[in-house]
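**Student:** Could you work out the structure for the sequence below:
(chains A and B)
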Amino acid sequence: MTTTRRPDAPSRVGSFSLWLGIALLSLLTVAPLVWMFSGAFKTQDDIYGISPIPPHPTLGNFVDVFTKIPFARYIFNSAFVAIIVTLVALLFHSMAGYALARLRFPGREIIFTSIFATLLVSVPVILVPLFIVVKTLGLVNSYWGLIVPAIFNAFGIFFLRQFYLSLPRELEEAAAVDGFGYWRIYWHIVLPLSRPLLAALAVFFFLANWNSFLWPLTITENPNLWMIQVGIASFQQQYAAAWNYIMAAATVAALPTLALFFVFQRRLAETIKFSGVGG
Amino acid sequence: MSGAALGSDVRTQRTRPPGVPRARRRLTQRRREWIAGYLFVAPDCLGLLVFVAIPMVLSFVLGFFESTGFGGYRFAGLANYQRMFSDPLFLNSVTVTFIYLVLFVPLLFCVSLGLALLVRQKRPLIGLFRSLFFAPNVISLVVVGVVWQFLLVDNIGVVNRVSDALGLGTRSWLGDPKFALASVLLVSVWFFMGYYMTIFLAGLQDIPRHFYDAARVDGAGRVQTFRHITWPLLRPTSLFVLLLTTITGVGGLQGFDLIYIMTRGGPNNATSLAIFYIYQQAFQYSDFGYAAAMASFVAFILFAAMLVMFALTRGGRFDYD
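**Tutor:** Numbers count the residues shown, from 1 in each chain, chains lettered A, B, ... in the order given. A predicted model of the protein is given here:
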């Protein structure tokens, strides 16, 4: 290696081996997912085989997962809860974000700082009192208990407020002159303008709720209300060493999230980058 | 909601009757904005109050009470706290959390910064590679847990087969107290590294190009460029990542989900992280008061760590010097 070599202009061989290294490393990173996927198609006898290609590929594991336990029900519960939470959260957070960015009212800064402070609080730390609050409200073992507490999240508010701060005021002012009230300005002007951002947040919220485990585990005893992650955890206890079944269930749970990610990855990356820049 | 009423108000602005004094109309206008503002933030504020703020306060209060069977509570003073500091399992869980944290934060920091530097430059397929590094993070922690448990199965799991083939022998990765915490730790890093890589990438892209041009003109090598340009200019991002990974290390969901799925705190309590032990006390032994006291303690430690960090960064200033 010569000391005079420019950082941007490495030799071709060096550049290629670096590229190859990155490629291998990225493949190694997803290798566990490859084994999950292949394990889902392997038979019980082949499951510990090291080859990622199933010697006797079968769909039987999926059939068993859907017939031995109410897996379709868990999928429905997760999709239902995740979609409702996402929609309501987008509405509430964009309303709050808009007001905190645009409307002037006493206490606005205090409210914003308080909301921001809740970013430090994570579910595991307040789990016990949160459970007591939800129990007191009579929401244990209900869809309400799964949905309502999952809606409120300071990150979304903060994210949207930051965006509304950067929005040009002219459109809203023109709308105000045309006799629009605040709600109509928000609904007809601000919301349509924030559509790309809302799409990014929607992916983010959907993934978080689809993947959520601790809260659904804590709040639902009734198996009819179990969400997919709780279902998998219980399935794993029931069929401890039947890894072909468990990998099939895991694949079903993981595929929608991977598909969403690869379709919306650019938008998701924007959301995450913001969390780095904005924090 | 309040649309029609607010709309009509703005309309009066244009068709104001000549007799109405201007100042009074202005005041109403301002009031309207106040009311709209409060109504817009009300749903989220109410929700955060009920589901975050009240539980925070309740956690603290509950720590001074003990459960008396079915939903009853009795004031217990400091009994829960006294019990906490003489409970070997709790003290063990604090130690385990501490070990996990001091390994998790620097390891995750270095791995994700390393990845960000690797995939920083545009190369063929680099977008795909970035996505592959990120992919584990979109999978649920439950799935991550079962998949790794499958790969780490004793003797015949893929990891043991590979390590055996490489002449390293086999290990009981999750069954041996010496390796269990390290295994969970590495899985956590694997899960999070793409996320923090993305944050670092954004930070790297914010470094103005001309710094690198200047370094090149001066003939600086890679190491020098990193030391004198990238590292100091990346400071705000680095501090932010340290803050976020510390919060995640102590109270993140992976600390529960992975443990619940992979080890249940075992073997021999070697992976009993504090939040997992608290969950067990609360929901397996129904000891809510004791669990709340321990959770308050963890929240307090986290809060203290944040204060130290804010002090070190001069009030959380993540900006350039």
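**Student:** contacting residues around A:Arg169?
**Tutor:** A:Arg102 (Cβ atoms under 8 Å, 6 or more residues apart in numbering or on different chains). (Each C-beta comes from the backbone N, C-alpha and C, glycine too.)
**Student:** all helices for chain A, in order.
**Tutor:** For chain A, helices defined by DSSP state H occupy the ranges A:12-40, A:60-68, A:71-102, A:108-117, A:123-136, A:143-151, A:154-165, A:170-177, A:182-185, A:191-193, A:195-210, A:214-219, A:228-238, A:243-278.
**Student:** Could you report the neighbour count for residue 179?
**Tutor:** Reading this off chain A. 16 (other Cβ atoms under 10 Å in any protein chain shown).
**Student:** was after chain B, sorry
**Tutor:** For B:Phe179, the number of neighbouring residues by other Cβ under 10 Å comes to 17.
**Student:** do A:Leu24 as well
**Tutor:** For A:Leu24, the count of nearby residues is 11 (other Cβ under 10 Å).
**Student:** okay, the helices of chain A in JSON lines with mean pLDDT and distance to chain B next?
**Tutor:** Formatted as JSON lines, those follow (pLDDT from 0 to 100; distance: least, Cβ to the nearest Cβ, whole Å):
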{"stretch": "helix A:12-40", "mean pLDDT": "91", "distance to chain B": "4"}
{"stretch": "helix A:60-68", "mean pLDDT": "90", "distance to chain B": "13"}
{"stretch": "helix A:71-102", "mean pLDDT": "95", "distance to chain B": "3"}
{"stretch": "helix A:108-117", "mean pLDDT": "89", "distance to chain B": "6"}
{"stretch": "helix A:123-136", "mean pLDDT": "90", "distance to chain B": "4"}
{"stretch": "helix A:143-151", "mean pLDDT": "95", "distance to chain B": "5"}
{"stretch": "helix A:154-165", "mean pLDDT": "89", "distance to chain B": "6"}
{"stretch": "helix A:170-177", "mean pLDDT": "78", "distance to chain B": "6"}
{"stretch": "helix A:182-185", "mean pLDDT": "88", "distance to chain B": "3"}
{"stretch": "helix A:191-193", "mean pLDDT": "89", "distance to chain B": "12"}
{"stretch": "helix A:195-210", "mean pLDDT": "91", "distance to chain B": "6"}
{"stretch": "helix A:214-219", "mean pLDDT": "94", "distance to chain B": "5"}
{"stretch": "helix A:228-238", "mean pLDDT": "92", "distance to chain B": "4"}
{"stretch": "helix A:243-278", "mean pLDDT": "83", "distance to chain B": "3"}
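**Student:** would you list these in TSV and tack on distance to B:Gly203?
**Tutor:** Listed next are these as TSV, based on distance: least, Cβ to Cβ, whole Å:
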stretch	distance to B:Gly203
helix A:12-40	19
helix A:60-68	42
helix A:71-102	24
helix A:108-117	21
helix A:123-136	27
helix A:143-151	30
helix A:154-165	17
helix A:170-177	32
helix A:182-185	35
helix A:191-193	28
helix A:195-210	19
helix A:214-219	30
helix A:228-238	32
helix A:243-278	6
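**Student:** hang on, A:Phe37 packs against A:Thr251?
**Tutor:** Yes. A:Phe37 lies in contact with A:Thr251 (Cβ atoms under 8 Å); the separation is 5.7 Å.
**Student:** Can you tell me the centre-most residue of chain A?
**Tutor:** Ranked by distance to the mean C-alpha position of chain A (Cα atoms, centre = their mean), the top residue is A:Leu207 at 2.3 Å.
**Student:** In contact with that residue, which residues?
**Tutor:** Applying Cβ under 8 Å, 6+ apart to A:Leu207 gives the contacts A:257, A:260-261, B:138.
**Student:** go again using 7 Å as the cut-off
**Tutor:** With contact set as Cβ atoms under 7 Å, 6 or more residues apart in numbering or on different chains, A:Leu207 has these partners: A:257, A:260, B:138.
**Student:** With adjacent residues omitted, what lies nearest to the last one?
**Tutor:** Computed as Cβ to Cβ, 6 or more residues apart in numbering or on different chains, the closest residue to B:Val138 that is not its neighbour in sequence is A:Phe261, at 4.2 Å.
**Student:** Ok, the first one next?
**Tutor:** Of all residues beyond its chain neighbours, the one nearest A:Thr257 is B:Val138 (4.7 Å), with distances taken as Cβ to Cβ, 6+ apart.
**Student:** what's the burial count for the residue nearest to A:Leu260 when sequence neighbours are not counted?
**Tutor:** Leaving aside its sequence neighbours, A:Leu260 sits nearest to A:Val203 (Cβ to Cβ, 6+ apart; 5.7 Å). Neighbours of A:Val203 under the rule other Cβ under 10 Å: 20.
**Student:** doesn't A:Phe264 make contact with A:Val203?
**Tutor:** Yes. With contact defined as Cβ atoms under 7 Å, A:Val203 reaches A:Phe264; the gap is 4.6 Å.
**Student:** where does B:Glu66 land in three-state SS?
**Tutor:** At B:Glu66 the chain is in strand, as set by DSSP: H, G, I helix; E, B strand; the rest coil.
**Student:** show me the contacts for it.
**Tutor:** B:73-74, B:76, B:79-80, B:289.
**Student:** how does it look with 10 Å?
**Tutor:** By Cβ atoms under 10 Å, 6 or more residues apart in numbering or on different chains, the contact list for B:Glu66 reads B:72-77, B:79-80, B:83, B:287-290, B:293.
**Student:** wait, what's in contact with B:Asp218?
**Tutor:** Each residue near B:Asp218 by Cβ under 10 Å, 6+ apart is listed here: B:224-225, B:228.
**Student:** can you check B:Ile261 too?
**Tutor:** A:213, A:229, A:232-233, A:236-237, B:141-149, B:184.
**Student:** Tell me the one of the residues you listed nearest B:Ala36?
**Tutor:** Nearest to B:Ala36 among the contacts of B:Ile261, counting by Cβ to Cβ, is A:Phe213 at 38.6 Å.
**Student:** Give me the pLDDT for the closest one.
**Tutor:** pLDDT for A:Phe213: 95.
**Student:** For it, give its distance to chain B.
**Tutor:** 5 Å (Cβ to the nearest Cβ, to the nearest Å).
**Student:** What segments of chain B are strands?
**Tutor:** Assigned by DSSP state E, the strands in chain B fall at B:65-67, B:73-75.
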